[in-house]
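> this is a predicted model, with the sequence first.
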Amino acid sequence: MVPVVAKKYVKALLESSNDKSIKKYYDNLQVLSEAYALEKMKNIMLSPTISKDEKYKFIISLIEKSDKKFSNFIKILVENDRMNLVPAICDELRYQLSIKENKFVGHIISNSEVDEKSIKNIEEKLSSKFDSSILLENIKSDYPGIKIEIEDLGVEISFSIDRLKAQMTEHILKAI
């Protein structure tokens, strides 16, 4: 769940920027979010011995292309000790962009590879059902069946072999 404070930062970004800039900001936030996942980055941001100005310069150095508005945005986050919100801000901005563009990304999770033709077929059917453009990525795991997740739409469709066996057993026992 995205914190309310992160939503407010995203709202401010969306209201003060055009679509092209927002996409650049999202790319920059993805880079920072990935960096923030590292323990070293968290230690740097939490260190009381490093000044806020040094933290700001370090973060800006991680970004290839940063305009004045985004630099000020990062400066505000650093000044208010909100850099820990970068992953949440990135997630919320991705969600808002998905809604605005009506494009959503989901996952097909199964214990075997799903061929491209099947993925395209599922994408088309889900796209028409939800009146959106849906892209699916195949993720191989140890899930005993197949599960389709589209987090931004709150959709989860699953077919589990274990659940099917349990339901068949239950049905047979009721019939006896």
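Perfect, I can see it now.

> three-state assignment of residue 136?
On the three-state scheme (DSSP: H, G, I helix; E, B strand; the rest coil), residue 136 is labelled strand.

> who touches the lengthiest helix in the chain?
Ranked by residue count and defined by DSSP state H, the top helix of the chain is helix 19-36. With contacts defined as Cβ atoms under 8 Å, 6 or more residues apart in numbering, helix 19-36 is touched by 13-14, 17, 41-42, 45, 59, 62-67, 69-70, 73, 83-84, 86-87, 89-90, 93-94, 97, 100. C-beta: built from backbone N, CA, C; applies to glycine.

> apply 6 Å and report the result again.
41, 62, 63, 70, 86, 87, 90, 93 (Cβ atoms under 6 Å, 6 or more residues apart in numbering).

> let me see the contact set for residue 77.
Contacts of residue 77 (Cβ under 6 Å, 6+ apart): residue 83.

> ok, it to residue 135 distance?
Distance check for residue 77 against residue 135: by Cβ to Cβ, to the nearest Å, it reads 30 Å.

> what pLDDT is listed against residue 1?
The score at residue 1 is 54. That number is its pLDDT.

> quick one: pLDDT of the residue nearest the centre of the chain?
In the chain, the centroid-proximal residue (Cα atoms, centre = their mean) is residue 91; its distance is 4.6 Å. Looking at residue 91, its pLDDT is 91.

> with residue 43 instead?
On the pLDDT scale, residue 43 gets 88.

> that one: neighbour count?
Residue 43 has 10 neighbours, counted by other Cβ atoms under 10 Å.

> in this structure, which spans are strands?
With strands called from DSSP state E, the chain shows them at 103-110, 133-140, 145-150, 155-160.

> out of these, nearest to residue 174?
Residue 174 lies closest to strand 155-160 among the strands of the chain, at 20.2 Å (Cβ to Cβ).

> how far does that closest one sit from the chain's center?
Centroid displacement of strand 155-160 relative to its chain, using Cα atoms, centre = their mean, to the nearest Å, is 19 Å.

> mind listing what that strand pairs with, with the direction of each?
Take DSSP bridges as the rule and strand 155-160 pairs in its sheet with strand 145-150 (antiparallel).

> so the strand it pairs with versus strand 103-110, what angle?
Inter-element angle recorded for strand 145-150 and strand 103-110: 170 degrees (by axes from the mean of the first three to the mean of the last three Cα atoms, to 10 degrees).

> and strand 145-150, what's buried?
By 16 or more other Cβ atoms under 10 Å, the buried positions in strand 145-150 come out as 146, 147, 148, 149, 150.

> model confidence over it, on average?
Average pLDDT, strand 145-150: 88.

> returning to that earlier point: mind putting the strands of the chain into TSV with distance to residue 166?
Formatted as TSV, these follow (distance: least, Cβ to Cβ, whole Å):
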stretch	distance to residue 166
strand 103-110	19
strand 133-140	24
strand 145-150	12
strand 155-160	9
